[in-house]
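# With the input below, show me the fold.
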Amino acid sequence: MGYDDDDKRDESDDELYSHNATTMSDSDTQPQSSGRADSASVHNVSRDKSSVHIPPLATPHPLLRSLPPMTHLPVDLLDLLDRAYFLHLLANDPSKVLPPGKSLLSVLSRPRVQLRQHDEPPTLQSKVEEMIHKAFWDEALDTLSSNEPSIQFPRLKLLLNDLHTALMPLFPSTHPILTILAAPLPPTSSPLLMALNNLREVLIALRGRCAPARDEYIDTLSASLAHPPAHVPDLAKLAVETARSLLKLAETMKDDLSQFVLGTMGESQLAIAVSDQARERERALILDLWKRELIRKDIATWMAGLSQPYALIVAPPSRKWILRLVQALGTTDPVACSLPVKPLASDESARPPPIQPNTLPPPFFFSAPELFYIQNFLQAIVIAAALRALLPAFVSSPNDSMYRIWTLLLASVNEEDVTEDAKIVNLADELVRASSLTDAEAVKLRSAVARTMRASDPVFLLLQRRLLLALAERMVRTSTPGERPTNAAGEQQAEADPLEVKGFGDPIWAVAWWIESIWAGLFEPRNALSETDETDEV
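Residues are numbered from 1 along each chain as shown. From the prediction side, this is the model:
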């Protein structure tokens, strides 16, 4: 579906990355494709200095798994989806995309390559600047080569002060590295070794905040400090060269970042900035891909599917959508939210893409991969509980056996290529191994395992119903994670809380809170059903 001109939004100049509107021509599509994105226009991301650095995807895109085979999407749209989903992961689960030890700032920096014209003769100004810089560093090397600590101390302090000034735009004001550089130098018989230790700490701090393209350069500088020389002149040369390299690196990182205000933010402030931008990007892209009235219609249709026993749970209208979400997670069909696609005009024989039986409305598009994982995780919990009932009572260490069973179930949740038959065999093997059974009893146990893992099994259905109802009741009665449930009058309750599913509230809560923070009020009946009310902001 395309979007109307009045749906286009002005983009802020100071966002983490920006894009310009562009229309894809028919030549941008492949003739052998059977479908294309049902969008008249897509946005082209501009390569500004503060773009988010996105690593290449080695697996199928999580957002596109429910699309029909041979569906072709414009390259610009794929780029937009990549960036929006990468921001979504940075905001909700940064451990999935951030390298170990890296700050959020590292992916908000885009390295710039400065092209130099080597055939152009240097200007008079550049010659003068080079002479001044050379004289400055020669004087620093000469002073630090002295064997007298009293002569080395003042010059080292000046160098550290210069570094402190250069690094201030790259660190929060309370960062320990700025405190170290600003502090007076303590008395020591080896000022140069102490200074090298400070420079090593600076390199460690910079590596956590620099763009990944700068890692190799920082690692090379760090390696040069690993085994400092023994003689004072060599120590002085190493300290001067490292300080000079750090000052150049600081300027390069500031050029990478472009927006100095981001460099001075702490990790929690950066997380807020990333989350705000992720919400804006998701909202804008979803409104571009689906028309406003279609979003309202899809939500109304989806909400109309709320059935018992979830429909019997007392919840305010603004929280009914959570009951419907838990109901969707409890079905055997995988949750999905596909892009709107249609057959190419050149392929008249192509049929419209099949409708997914457990389709979520467009606001869930970027959260659909997480919800699919949660759906499988919930099923794993139910299976584990059902298998626990099959474990013979005389097993010496049931906790150890259940730990191994849960490890197998979790592996099947995380690994998509595990077949259902292989999963049943592995779980049955673990139960048989934990029990001392005859061959006939082992056969019966394996049969019971296969039966219990069917979604139609009465034990499975009973345990799943208890789990999901407890989860749904808890979620609709608590407005924010960790807050005590309230009664109908808005007063906090001290007792009679619904059953809490310990250890699993956070993942579902995180998704629900994220959706609500972007689309607040959209799931209320008056908004979802109002297709003609243009004053209602989506």
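# any chance you could map the strands in the stretch 101-250 of the chain?
With strands called from DSSP state E, counting those that start in this stretch, the stretch 101-250 of the chain shows none.
# Name the residues of the helix or strand where residue 466 lies that are buried.
Per DSSP states H and E: residue 466 is located in helix 458-477. Along helix 458-477, these residues count as buried under the neighbour rule (16 or more other Cβ atoms under 10 Å): 459-460, 463-464, 467-469, 471-477. From N, CA and C alone the C-beta is placed, and that goes for glycine too.
# That helix - contacts with which helices or strands?
Counting contacts by 3 or more Cβ pairs under 8 Å, 6 or more residues apart in numbering; DSSP states H and E, helix 458-477 packs against helix 320-329, helix 368-390, helix 505-518.
# now the residue nearest to residue 461 when sequence neighbours are not counted: how far from residue 328?
The shortest distance from residue 461 to any residue other than its chain neighbours is 7.6 Å, reached at residue 455 (Cβ to Cβ, 6 or more residues apart in numbering). Spatial separation of residue 455 from residue 328 under the definition Cβ to Cβ, to the nearest Å is 15 Å.
# quick one: which of these two has more around it?
Per other Cβ atoms under 10 Å, whichever of residue 455 and residue 328 has more neighbours is residue 328, with 22 against 12.
# who's in contact with that one?
335, 358, 360, 371, 375 (Cβ atoms under 8 Å, 6 or more residues apart in numbering).
# any idea of the pLDDT on residue 222?
According to the per-residue confidence, residue 222 scores 93 in pLDDT.
# So what's the residue count around it?
Applying other Cβ under 10 Å, we find 16 other residues in the vicinity of residue 222.
# Assess the claim that it and residue 203 are in contact.
Yes: Residue 222 is within contact range of residue 203, at 4.9 Å (criterion: Cβ atoms under 8 Å).
# for the stretch 351-500 of the chain, which spans come out with low pLDDT?
The model of the stretch 351-500 of the chain has pLDDT under 70 over residues 351-354, 392-398, 416-421, 434, 478-500.
# what do you get if the cut-off is 90, keeping everything else the same?
Low-confidence regions of the stretch 351-500 of the chain, defined by pLDDT under 90, span residues 351-357, 384-460, 474-500.
# Just say helix, strand or coil for residue 100.
Residue 100 carries the three-state label coil when classified by DSSP: H, G, I helix; E, B strand; the rest coil.
# measure residue 411 to residue 405 for me?
Using Cβ to Cβ, we find residue 411 at a distance of 11 Å from residue 405.
# Between those two, which is the more surrounded one?
For residue 411 versus residue 405, neighbours defined as other Cβ under 10 Å are more numerous around residue 405 (21 against 13).
# these two touch, right, that one and residue 384?
Yes: using Cβ under 8 Å, residue 405 makes contact with residue 384 at a distance of 6.1 Å.
# what about the helices and strands packed on helix 458-477, which gets the closest to residue 144?
Put simply, out of the helices and strands packed on helix 458-477 the one that sits nearest residue 144 is helix 505-518, at 52.7 Å, with distance taken as Cβ to Cβ.
# What residues of the closest one count as buried?
The neighbour-count check on helix 505-518 (16+ other Cβ under 10 Å) flags 505, 507-512, 514-516, 518 as buried.
# Let me have those residues in a markdown table, extended by pLDDT and distance to residue 435.
Supplementary listing: these in a markdown table, determined by pLDDT from 0 to 100; distance: Cβ to Cβ, whole Å:
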| residue | pLDDT | distance to residue 435 |
| --- | --- | --- |
| 505 | 49 | 33 |
| 507 | 77 | 33 |
| 508 | 82 | 34 |
| 509 | 82 | 38 |
| 510 | 86 | 39 |
| 511 | 90 | 38 |
| 512 | 89 | 40 |
| 514 | 91 | 44 |
| 515 | 92 | 44 |
| 516 | 90 | 47 |
| 518 | 91 | 50 |
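# for the residues you listed, which one is nearest residue 239?
After measuring the buried residues of helix 505-518 against residue 239 - Cβ to Cβ - the closest member comes out as residue 510, at 47.3 Å.
# right, and the closest one touches residue 92 too?
Yes: using Cβ under 8 Å as the test, residue 510 is close enough to residue 92 to be in contact (6.3 Å).
# Quick check: neighbours shared by these two?
With contacts taken as Cβ under 8 Å, 6+ apart, residue 510 and residue 92 have residue 370 as neighbours in common.
# between the buried residues of helix 458-477, which is closest to residue 286?
Within those, proximity to residue 286 (Cβ to Cβ) peaks at residue 475, which comes in at 23.0 Å.
# So that closest one versus residue 328, what's the distance?
Separation of residue 475 from residue 328 (Cβ to Cβ): 13 Å.
# and residue 355, how many neighbours?
In terms of burial, residue 355 registers 7 neighbours under the definition other Cβ under 10 Å.
# What of residue 97?
By other Cβ under 10 Å, the residues close to residue 97 number 18.
# quick one, what contacts it?
Contact analysis of residue 97 by Cβ under 8 Å, 6+ apart lists 55, 86, 89-90, 107.
# Can you say which two of the residues you listed are spatially most distant?
Greatest spatial distance in the contacts of residue 97: 55 and 90, 11.9 Å, computed using Cβ to Cβ.
# More neighbours: which of the two?
The residue with more neighbours, out of residue 55 and residue 90 and counting by other Cβ under 10 Å, is residue 90; that gives 23 against 11.
# how near is the more buried one to residue 366?
Taken as Cβ to Cβ, the span from residue 90 to residue 366 is 12 Å.
# Same question for residue 454.
The gap separating residue 454 from residue 366 is 32 Å, by Cβ to Cβ.
# More neighbours: which of those two?
Set side by side, residue 454 and residue 366 show unequal neighbour counts under other Cβ under 10 Å, the larger going to residue 366 at 28 against 13.
# I'd say residue 228 and residue 238 touch.
Yes: counting by Cβ under 8 Å, residue 228 touches residue 238, with 6.3 Å between them.
# So for these two, which residues contact both of them?
Shared between the contact lists of residue 228 and residue 238 (criterion: Cβ under 8 Å, 6+ apart) are residues residue 196.
# If you count surrounding residues, which of the two has more?
Remark: of residue 228 and residue 238, residue 238 carries more neighbours, 19 against 16, as counted by other Cβ under 10 Å.
# Can you tell me how far the nearest residue to residue 61 once chain neighbours are set aside is from residue 65?
Setting aside the residues directly before and after it, residue 61 is nearest to residue 81 in space (Cβ to Cβ, 6+ apart), at 7.1 Å. For residue 81, the distance to residue 65 (Cβ to Cβ) stands at 13 Å.
# got it, and residue 380?
Separation of residue 380 from residue 65 (Cβ to Cβ) stands at 19 Å.
# do the same with residue 315
31 Å.
# same deal with residue 361?
If you measure residue 361 against residue 65 using Cβ to Cβ, the figure is 18 Å.
# avg pLDDT for the longest helix along the chain?
Longest helix in the chain by number of residues (criterion: DSSP state H): helix 232-257. The pLDDT scores in helix 232-257 average 88.
# buried ones in it?
Of the residues in helix 232-257, those scored as buried under the neighbour-count criterion (16+ other Cβ under 10 Å) are 232, 235-236, 238-240, 242-247, 249-250, 252-254, 256-257.
# so what secondary structure elements neighbour it?
In terms of contacts (3+ Cβ pairs under 8 Å, 6+ apart), helix 232-257 is packed against helix 124-144, helix 149-167, helix 191-209, helix 215-224, helix 260-263.
# what angle do it and helix 149-167 make?
Interaxial angle of helix 232-257 relative to helix 149-167 (axes from the mean of the first three to the mean of the last three Cα atoms, to 10 degrees): 10 degrees.
# For the remainder of this discussion, apply numbering that starts at 545.
From this message on, residue numbering opens at 545, which makes the last subject helix 776-801.
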